[in-house]
Every structure is written in C-alpha cells, then in structure tokens.
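3D, please:
(chains A and B)
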Protein chains: 2
Amino acid sequence: MRNLRIDGTRLWDSLMQLAKIGGTAKGGVARIALTDLDRQGRDLFVGWCRELGCDIKVDAVGNIFARRKGRRNELAPVMTGSHLDSQPTGGKYDGAYGVMAGLEVLRSLNDLGIETERPVEVAVWTNEEGARYAPAMMGSGVYVGKFKLADIHNLKDQDNKRFKDELERIGYLGEAPMGGREIAAFFEVHIEQGPILEAEGKTIGIVKGAQGQRWFDVTVTGQEAHAGPTPMRRRKDALVGASRIVDCVNRIGLDFQPGACSTVGHMQVRPNSRNTIPGQVFFTIDFRHPDDQRLTAMKAALEAEAARICQQIGLTLDLKEIWHQPALLFAERCVQAVRSGAEANGYSAMEIVSGAGHDACHIATIAPTGMIFVPCADGISHNEVESAMPEDLAAGCNVLLQAIVERANAV
Amino acid sequence: MRNLRIDGTRLWDSLMQLAKIGGTAKGGVARIALTDLDRQGRDLFVGWCRELGCDIKVDAVGNIFARRKGRRNELAPVMTGSHLDSQPTGGKYDGAYGVMAGLEVLRSLNDLGIETERPVEVAVWTNEEGARYAPAMMGSGVYVGKFKLADIHNLKDQDNKRFKDELERIGYLGEAPMGGREIAAFFEVHIEQGPILEAEGKTIGIVKGAQGQRWFDVTVTGQEAHAGPTPMRRRKDALVGASRIVDCVNRIGLDFQPGACSTVGHMQVRPNSRNTIPGQVFFTIDFRHPDDQRLTAMKAALEAEAARICQQIGLTLDLKEIWHQPALLFAERCVQAVRSGAEANGYSAMEIVSGAGHDACHIATIAPTGMIFVPCADGISHNEVESAMPEDLAAGCNVLLQAIVERANAV
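Below you'll find the predicted structure:
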C-alpha cells in the first residue's frame, strides 16, 4: 500500500478552531455535554462533514455519524471517532483530537481521490466525560446496549434539567437506529493521558487493550477517644489501620508488576479532629491490571492483608468491591493495522495498554476495535494545561489513515 | 486529723439539679458559656453559696469566687473549683462536678462546725470549654495573665456577639480585681476523661501533673496524576507518604513508653478523588509526654523519619510545630495532701498524669496546685453519654475535703 499522508497543518488548524468554542483564559476548554457550546462544536463538525459530501445521521442519544460512501455501500463500514465534550476545566485534545483526526482522514481521502471498498464513518459519541450527566462514556455505552436509552433520557443534572430535553434543545435528539448494524472495524486515536510514550521517546502507542479494573470501598472502624488521656496500648485507632492498608495497597501494586496500578485516591477521617483518636476512616481503592487473573490475585492479597492489619489493631473491616471491569484485549487484526500504519510511516512505536476508559472500550464489545495513542506533555490531561505536539498529532492521524484504508479495503 | 465525710447524696442531688439546666434528651448537658443557660447555672450556684453565708465576688472575665471565712482572714485562701459551661453535646460531670464538689465541701464544713485557719474559696472559671469563644480554659487563663482581658472582651462568636456584651447581658461582668492576690493552694476534682482508673480498678487518681504537648501541622506534596495510566514507579503519591508518617507517629508513641501519646487526628487529601493519585495531603500530629526531654526526643525522631519517608517517595515535606505546652508538675505538698486524703478514707488510689488541659493547669503557674481524678465510664467525656458512679464522685469529694482542710490549717 502506498504511503498516504494527511495534512498536519489542516488538522492542527481545525483543532485550534474547535478549541475556541469553550476556550478558557488558561488555554483549556470547557465544553460540557449538551450545552450551547457542545451544540456549537457539533455544528462546526457537521458543517465541515457536509462540505465533504458526507451523509449525517444522529441517533436518540445524540451520537453523530458522518458517512463517506465506499465502492460497496452494502458492506459494513469502517468507523473512527471520539467525543467533542470536555471536562469542566479540560484541555484542547482529549476527545476533540480523535474527532478532528477522523475528519482529516475524510478530507485526505477526498484530496487523494481514494475510493475505499467499505464506507468510512466518523462518529461523535455523546457525553464521554460524564461531567454533567453520569456515567461517563455514555453515548457509546447506550450504542452498544450497556446503558438503557430510557434511563439516560430521564437523567437530570444539578439544575434539574432532563437529559432528553437538553439534547432536544441543542438539536441533537436524532432518529437514526440505535446500534444494531455491523461495524467492520473501529479505531480511536487519542492522547495517551499518561507519561509512558514521552518517557520512552516513542511517537505512537499501539494500544493492545485496556486494563481490567476493580474498585473497592473500605470502612475501618475503631474507637473514637480523647488523644490526651487514652494510653497507646488501649487505642483502636482507625487511621493507623487505614494508613497501613494504604501502604499495603501500594506494595501490592509494586508486587504485581509489570502492568499493575494501585491507588487510594479518596479518604475521609471521622471525626477528623486534631485531638481526637479517629474512630472511623472511609477510603477507596482502585486496582488495575491488564491481566484479569493477576488482577484477581491482587484482590485476594488485599483481602488477606487488610484483614490481618485490622485484626492486629482491633478494628472492624468493611471491604466491598463496588465495580469490576474485566481487562479488554483489542482485536488482533485492528492492533496489527495500527502497527502496520506506524511501520509504513517509519514512526517509533511501542505497545501500550490503556489505563483510562475510552468510547473504544465500549465499541470493542460489538466490533473489532483498535486504538492509537500519541504523547501528551507530562502525561497530563483533564486539565487546562493539557498539551500535545502538532507533529505527534499528525503522526497519529497518519497511522489512523493507514489503518482505516487497510481495513476499509479488506472485504 | 479526724476522718471528715461529705454528704454523697446531697452532692449527687446538686449535680442532678444543675444538670437539668441545659439537660438534653440523651441525658447530656448543653450549657454553653455566656448563654442564658450559663446564667441560670451560675445563679443556682451563687444562690446556694449565699445560703451558706459566703461572700461572692465576680471579676471582669466572669470568674466567680465564693468565700467562706477562716479564723485568720488576712491569710491567703485555699481555693477549689472548676467550670459550669459545657460542650455543645457535653455531659453532666465535666466541670460541673468540680464546682458542686467545692460547694459540698463548704456545706460539709458548715455542717461539721469546722473553722479553718485560712478562708476557703470555690471558684467558677468562665468558659473552660472554648466551644463558643476560643481559646479554651479562658477565665483561668485571663486570671493568671496568660490571656489579655481586652483581647478576650473583644472576641466575637459566630453570630458576631461580643464576649464582653454577652457577659454583661447575663449579669456576670464583675468588678473584682483580676488575680494579683496570693492563693495558698488550689485543688480541682474532675472526672478522669480517660480509661485508666476504670481499667486499673482504682477510685482515686492522684494527679502528679499534666503531660507536655507538641502539636504539628504537616503538608506533604507530590504529583497529582491519573490513577490509570500512571505507572507505579513514576508516581509521587502524597497519601502513601502521609500514611507511612501516620504509622511512624504511632510507632514513636509506642517507642517512648511509658507516658507517651501520639495521634494523627485530622487528615485532608487533595484532590480526594477516587481515580486520581493524591498530589497533596495535610494532616496534624499531637504528641504528649509527661517528661519534656522525652517529648523533645519524640519530635526529633519524627523530623528524621518524616524527612526520610518523603525523600524515598520524592515528596516535599512541610512540618511545622504550631504549639508547645511544656509538661507540668503539680506542687508536691498539694499532691501529698491528695494522697493523704485518699489514704485517710481508705480509697484505692494511683498516681496519674492528666492528658487533657484543665483550669488547674493555668492556676498551677501562680499557686501550689493539685488535682483529684475519679473514674468515668469507658473513659468517655465531651459526650452526652458521659457517666460516673455516685460513690466515686462522693469519694473524690471526700478526698477534696481532706486536702482542703489540711492545707487551710497549714499556716
């Protein structure tokens, strides 16, 4: 296959033009789902796609599909896409890059006069961030049947505004069928949102899959007492127990390398008074591993260690798993298409596992799926300082173009 | 000296009558300083003292002194007392017991027809709890010159009500001189507010002094990052560091036995989000020891260990000592008077060090001082379930009577 190239300057200009919609003083973007700004972002994308001659469809959760015809339109399309909504103090690239890269692929296919066997579609998934209406990854979740449309329609935001009403208000309550059709392959290009590519000096992350996750809520209960007159040997200090479990969580993450991540991100001490021995501590645990068996072993290690720690101090332990997302392996043919695209362009690349969730993780449950990561500065995202290099963004888009053309001609 | 006895039933009845003023549905007391309920409690006490023929004086911070004449009224008085204000959800005994026991001593001296060489005074110190106007132990602190009267007068509560105005409103802005006179001896009887007497099966705690205290504010700062895509070896997790310091604080308390107490009571994690690695943790440390040299060594151990822990993880450490209260040893002649009083009555007794602050700790800076502790159920106080046995309260009062008579006849 000849080495196709997208127009990196045009991609960058489109991203920057889009970033003005909801642009913040600190250089970030606040374009929350189903706001007027979300509508403006969608309208800009749809207008650009119509200029290319695309057919636009919108479904009942607001997902947009811009379709470029193939030679054989009865075949299942190859699809790419991401999301246009942002965090309340988000950056210019998270989501927006994946949509603008899809648009740039369509433009490049037109410029290059390439006709693919299969149609190519660019999808905009509604409300990936979940900032205004939870859960996150909403539009893709409804599309694959993970969430019920009626439940989502009835969600209310903090101002008591219903999801369906707001979707209709911005003009994106559509009538296209919700899922139910074959997708030949789905690709999503995204900034890494982690520091690995930058640290390793690689341009392209060939995403093998997504980490499995297990989330826990933990409450340890001891005896609240006065910090002065209560001798050490008579104490049941819930924070001492919680602290030992935090250290143990960290050790489990180190013990289950490579690939394991373990985090206590939230903690609440009760009564949280300087001169009172804490009687109760609530905290959360986030375990991740690309290998489900190893992830399950991490859970077993936690349960044993936490019980031992609490028994030593005389605390009661309430450890509940509140969420389990099995590890996800992307389809080898899609991973291979990304790998070939990086090789064809001569980009430095490495295999990587996604630590964050993406719309692609939902689509992977109904269609062969792959992802492409590019570096972002210091691995920072969900932040107005989020930053990526134009040449890296162009590289990711070139790989996307190669992968799409390859899969769109495989019949 | 013959074995004098107070009237335990009368003491109990007075305590229960006082506890109705501000009594709560759960059996506790809410009688906050300078409220109408505080006035009612003070009025009840003053009325009972007037019935005994006492002379009443009130100073400009609202401290009340009820004086029973001695044979030689030019001599410095022996004084006892405590406070009538309570925590917002306090108990019947904290403070109130010390005042009612003083009253019962005066009543018993009258009943027994005992004339002492020195006058005997019962003091009510204003606002010991500090719940409405901080700091705590306020009236005794102004009396000994630790706090400035003008500063205290200008304090405002949450409703913007000035201390002096509220004191005048309840009729206790007095004109008696603030301190400046000799006190021959001061005794305060109090529930232990800790579990030691109950655990050891002793009726009387002969209080040798009060623990020294060092309080610290600690901030550890690392790098906030996404819990998913950030590899373990690249993390600077502030909560892992804080947790190791909490465990280290606990270990220092155990290492410096006997007498040491060490507590982390308050902790705030930032940003405190389930799937974000904590970038910063603020927490407090409360160190106590009856021996100042050992207390200083605890501080040195903390500084060395905390620095080592933070260096290992790559965190910055900000450790500030915000308060230092040197250890306090009560005057041996007063401690001996308490010991003799317990022996004369045949009560089981043990030496003990106060872990909490009391008005007596302030008075000890200007006069020979002693304290008597009696057990409270499960060591619990500052709580509506605070509970003590009538026979233990009577025992403490009998010891107080013995100690007062002994010191009031020592000329």
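
need the helices for chain A, in chain order.
A:8-19, A:36-51, A:96-112, A:138-143, A:149-153, A:163-169, A:196-200, A:238-255, A:292-313, A:332-345, A:359-363, A:390-408 (DSSP state H).

out of these, nearest to chain B?
Proximity to chain B (CB to the nearest CB) singles out helix A:238-255 among the helices of chain A, at 3.8 Å. Glycine gets a C-beta too; all of them are placed from N, C-alpha and C.

for the closest one, what is the average pLDDT?
Across helix A:238-255, pLDDT averages out at 98.

how about that helix against chain B, any contact?
Yes. Helix A:238-255 reaches chain B (CB under 8 Å from any CB of the partner chain) through A:239-240, A:242-244, A:246-247, A:250, A:253-254.

can you redo these as CSV with neighbour count?
Output for the residues of helix A:238-255 next to chain B, formatted as CSV (neighbours: other CB atoms under 10 Å in any protein chain shown):
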residue, neighbour count
A:239, 29
A:240, 29
A:242, 30
A:243, 31
A:244, 23
A:246, 28
A:247, 20
A:250, 22
A:253, 25
A:254, 11
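
Up against chain B, what does the stretch 301-411 of chain A have?
A:354-357, A:379-382.

Quick check: strands, which of those are part of them?
Those of these mapping onto strands are residue A:354, per DSSP state E.

what's the farthest-apart pair in the residues of the stretch 301-411 of chain A next to chain B?
Largest separation among these by CB to CB: A:357 and A:380, giving 17.6 Å.

related to what we said a few turns ago, kindly indicate which of the residues of helix A:238-255 next to chain B lies nearest residue B:160.
Closest approach between those and residue B:160, by CB to CB: residue A:239, at 35.5 Å.

can you pull the contacts of the closest residue to that closest one other than its chain neighbours?
Distance criterion CB to CB, 6 or more residues apart in numbering or on different chains; nearest residue to residue A:239, sequence neighbours excluded, is residue A:278 at 4.1 Å. With contact taken as CB atoms under 8 Å, 6 or more residues apart in numbering or on different chains, residue A:278 is in contact with A:222, A:224, A:237-239, A:242, A:269-272, B:264-265.

One more: residue A:380?
A:386-387, B:225.

likewise residue A:17?
residue A:44.

ok, back up a step: in a markdown table, list the contacts of residue A:380 along with neighbour count.
What follows is the contacts of residue A:380, written out as a markdown table (neighbours: other CB under 10 Å):
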| residue | neighbour count |
| --- | --- |
| A:386 | 24 |
| A:387 | 17 |
| B:225 | 25 |
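
Tabulate these (CSV), appending pLDDT and distance to residue B:154.
CSV is the format used below for the contacts of residue A:380 (pLDDT from 0 to 100; distance: CB to CB, whole Å):
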residue, pLDDT, distance to residue B:154
A:386, 93, 50
A:387, 96, 52
B:225, 87, 47
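
Residue A:186 contacts residue A:369, doesn't it?
Yes. The pair residue A:186 and residue A:369 passes the contact test of CB atoms under 8 Å, sitting 4.6 Å apart.

Overlap in contacts, those two.
When CB under 8 Å, 6+ apart defines a contact, the residues bordering residue A:186 and residue A:369 alike are A:334, A:360, A:363.

Tabulate the helices of chain A (CSV), appending distance to residue B:344.
Shown next, in CSV, are those (distance: least, CB to CB, whole Å):
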stretch, distance to residue B:344
helix A:8-19, 86
helix A:36-51, 84
helix A:96-112, 86
helix A:138-143, 79
helix A:149-153, 77
helix A:163-169, 79
helix A:196-200, 77
helix A:238-255, 43
helix A:292-313, 43
helix A:332-345, 89
helix A:359-363, 80
helix A:390-408, 88
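
So which residues on the stretch 51-200 of chain A come close to chain B?
Looking at chain B, the residues of the stretch 51-200 of chain A close enough under CB under 8 Å from any CB are A:192-196, A:199.

What is the nearest of these to residue B:25?
For these, the nearest to residue B:25 is residue A:193 (53.6 Å; CB to CB).

residues near residue A:53, how many?
11 (other CB atoms under 10 Å in any protein chain shown).

how much space between the residue nearest to residue A:222 when sequence neighbours are not counted and residue A:320?
Using CB to CB, 6+ apart and skipping the chain neighbours, the partner closest in space to residue A:222 is residue A:236 (3.3 Å). Residue A:236 is 21 Å from residue A:320, where distance means CB to CB, to the nearest Å.

So those two - more neighbours on which side?
residue A:236 (21 against 9).

Residue A:311 is in contact with the more buried one, correct?
No. At 11.5 Å, residue A:236 does not count as touching residue A:311 under the criterion of CB under 8 Å.

burial measure for the residue nearest to residue A:133 when sequence neighbours are not counted, as a count.
Excluding the flanking residues, the one nearest residue A:133 by CB to CB, 6+ apart is residue A:155, at 4.8 Å. Burial of residue A:155 is recorded as 18 neighbouring residues (other CB under 10 Å).

Spit out the contact partners of residue A:155.
Per CB under 8 Å, 6+ apart, neighbours of residue A:155: A:133-134, A:162-163.

The closest residue to chain B within the stretch 1-150 of chain A: neighbour count?
Of all residues in the stretch 1-150 of chain A, residue A:136 sits closest to chain B, at 10.6 Å by CB to the nearest CB. Neighbourhood size, residue A:136 [other CB under 10 Å]: 18.

That one reaches residue A:359, doesn't it?
No. Checked against CB under 8 Å, the pair residue A:136 and residue A:359 is beyond contact range at 9.6 Å.

which residues are in contact with both of these two?
Joint contacts of residue A:136 and residue A:359 (CB under 8 Å, 6+ apart) are residue A:128.

tell me what the helix or strand of chain A with the lowest mean pLDDT is packed against?
In chain A, no helix or strand scores lower on mean pLDDT, DSSP states H and E than strand A:225-226, which sits at a mean of 86. Where contact means 3 or more CB pairs under 8 Å, 6 or more residues apart in numbering or on different chains; DSSP states H and E, strand A:225-226 is packed against strand A:276-277.

What distance do you get for residue A:211 to chain B?
To chain B, residue A:211 is 7 Å away according to CB to the nearest CB, to the nearest Å.

That residue - nearest residue in space that isn't next to it in sequence?
residue A:288 (4.1 Å).

do residue A:28 as well
Nearest one to residue A:28, counting by CB to CB, 6+ apart, is residue A:384 at 2.6 Å.
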